[in-house]
Each structure stands twice: as structure tokens, then as C-alpha cells.
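Asks: Here is my input, please return the structure:
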Amino acid sequence: MTNKISVVDTPLVSSIIRDEQNPFAVGLTKALVAAHPWGALGTAEDIAGGALFLVSDESQFVTGLACKYLCLCLLASLIRSLGI
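Replies: Residues are numbered from 1 along each chain as shown. The predicted structure follows:
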């Protein structure tokens, strides 16, 4: 089984993968996109959509470890975006 990662295109990630002075930037971008489950970096809107779903009534049946992990990631992302 191939390991897949999910990378969100935050300002920090963007500054690294779009750095024209970094000779590895193009290769890194291609590698990150290729390793991502659906072949694209995540966006802030992707995270927001997941968070909105989790706080909605539609998520009442969602349980389990994966959800706990997702919630922790969303919380960490929110804290970073608020600069807390």
C-alpha cells in the first residue's frame, strides 16, 4: 500500500514551493501533488468545508479515530490561522 499525504497550500507551504530561488521547488511541488490522494494540494476552503460539516447536523453519525485525528488537525489549522 502506498502512503498518501494531504498537504494544505498555506502561506508557509506556498512560500516554499513557489520560491523561485529554491532549485527544488518545482520538484517538491510535483512530489507533493503526486503524493496527495486526489492529485492536488488542499485549500483553506477544503479545511473550512470539513469543519462546517463536522459542526453540522449531517455529521451526527460520524465517529471514530479518523474523525478525532481530523478534528485535531482542523483545530491546529484554525489556531495557526488565527495566530493564537
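Asks: List phi and psi for Pro37.
Replies: phi -50, psi -40 (degrees, to the nearest 10).
Asks: Could you report the neighbour count for it?
Replies: Neighbour count for Pro37, taken as other Cβ atoms under 10 Å: 9. All C-beta spots, glycine's among them, are computed from the backbone N, C-alpha and C.
Asks: Please apply the same query to Leu32.
Replies: The tally of other residues near Leu32 (other Cβ under 10 Å) stands at 18.
Asks: which residues of the protein fall in helices?
Replies: 11-17, 25-35, 44-54, 65-82 (DSSP state H).
Asks: show me where pLDDT drops low in the protein?
Replies: The model of the chain has pLDDT under 70 over residues 1-5, 63-84.
Asks: so what's the nearest residue to Leu32 once chain neighbours are set aside up against?
Replies: In this structure, Leu32 finds its nearest non-sequential neighbour in Val7, 5.0 Å apart by Cβ to Cβ, 6 or more residues apart in numbering. Val7 sits next to 13, 32, 35-36, 41-42 when contact means Cβ atoms under 8 Å, 6 or more residues apart in numbering.
Asks: With respect to Gln60, which of these is nearest?
Replies: Gly42 (24.7 Å; Cβ to Cβ).
Asks: Leaving out sequence neighbours, find the closest residue to the closest one.
Replies: Ranked by Cβ to Cβ, 6+ apart and with sequence neighbours excluded, the top spatial neighbour of Gly42 is Val8, at 4.0 Å.
Asks: right, and the one you found touches Asp46 too?
Replies: Yes - in this structure Val8 lies within contact range of Asp46 using Cβ atoms under 8 Å: 7.0 Å.
Asks: circling back to that earlier point, could you report the distance from the residue nearest to Leu32 to Val55?
Replies: 24 Å (Cβ to Cβ, to the nearest Å).
Asks: just Leu12 next, same as before
Replies: 26 Å.
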